[in-house]
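[1] okay, sequence plus prediction incoming.
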Amino acid sequence: MAQEQISTQDSHPRKNTSAGGTNISYVDTGSGDPIVFLHGNPTSSYLWRNIITHLRSDARCIAPDLMGMGDSGNSPNSSYRFVDHSSVLDSWFDAVGLTSKVTLVVHDWGLRWDSTGPNETPNTSKESYIWRLLSAP
């Protein structure tokens, strides 16, 4: 069996929208029910590039860069606390029209938003998948 190569290239098209007073860059590719990929700190949507490649034929794959990370803009008030990211992310969900149930795939800070954000943004989360990094002692 041939081994599949893991690509370092992120060839997914990017879009930009204003949310919470800053520019949020995001991948939006594929069609079908939406899957939103939320990265952690200090990474970016680049984290999800190879997973999106495999799912975009079956789902609309959307992966934002959190404020101040990846290709997104900086915080308008120079604050990068979780509450600030959460507020911008709530605005981003509205800006890109994610008002129906979506599947969330989360890592790190994305997990924290998943546990609080859907309460603030009703009907957002259909189901969630949590990616935890294994840590060696």
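    Yep, that arrived.

[2] CA only for contacts and neighbour counts going forward, please
    Will do.

[3] show me where the protein has helices.
    Taking DSSP state H as the criterion, the chain contains helices spanning 49-55, 82-95, 109-120.

[4] low-confidence ranges, the chain, go.
    The chain contains residues with pLDDT under 70 at 1-4, 109-137.

[5] any chance you could map the strands in it?
    Secondary structure of the chain (DSSP state E): strands located at 14-19, 22-29, 34-38, 60-64, 102-106, 125-130.

[6] centre-most residue in the chain?
    The centroid of the chain falls nearest to residue 38 when counting by Cα atoms, centre = their mean (3.0 Å).

[7] and that one, how close does it get to residue 80?
    Look at residue 38 and residue 80: by Cα to Cα, to the nearest Å, they are 16 Å apart.

[8] residue 63 is in contact with residue 72, correct?
    No - the pair formed by residue 72 and residue 63 falls short of the contact definition of Cα atoms under 8 Å, at 11.6 Å.

[9] so these two - more neighbours on which side?
    In terms of neighbours (other Cα atoms under 10 Å), residue 63 is the more surrounded of residue 72 and residue 63; the figures are 24 against 20.

[10] quick check: beta-bridge partners of that one?
    Partner residues in beta bridges with residue 63, using DSSP bridges, are residue 27.

[11] for residue 20, see how far away it is.
    17 Å.

[12] residue 102 too?
    In this structure, residue 102 and residue 20 are separated by 21 Å, where distance is defined by Cα to Cα.

[13] try residue 101
    Counting by Cα to Cα - residue 101 and residue 20 are separated by 22 Å.

[14] okay, the two: which has more neighbours?
    Set residue 101 next to residue 20 and count neighbours by other Cα under 10 Å: residue 20 wins out with 20 against 16.

[15] surely that one and residue 91 touch.
    Yes - using Cα under 8 Å, residue 20 makes contact with residue 91 at a distance of 5.8 Å.

[16] which residue, neighbours along the chain excluded, lies closest to residue 35?
    Closest residue to residue 35 in three dimensions, ignoring its sequence neighbours and counting by Cα to Cα, 6 or more residues apart in numbering: residue 103, at 4.7 Å.
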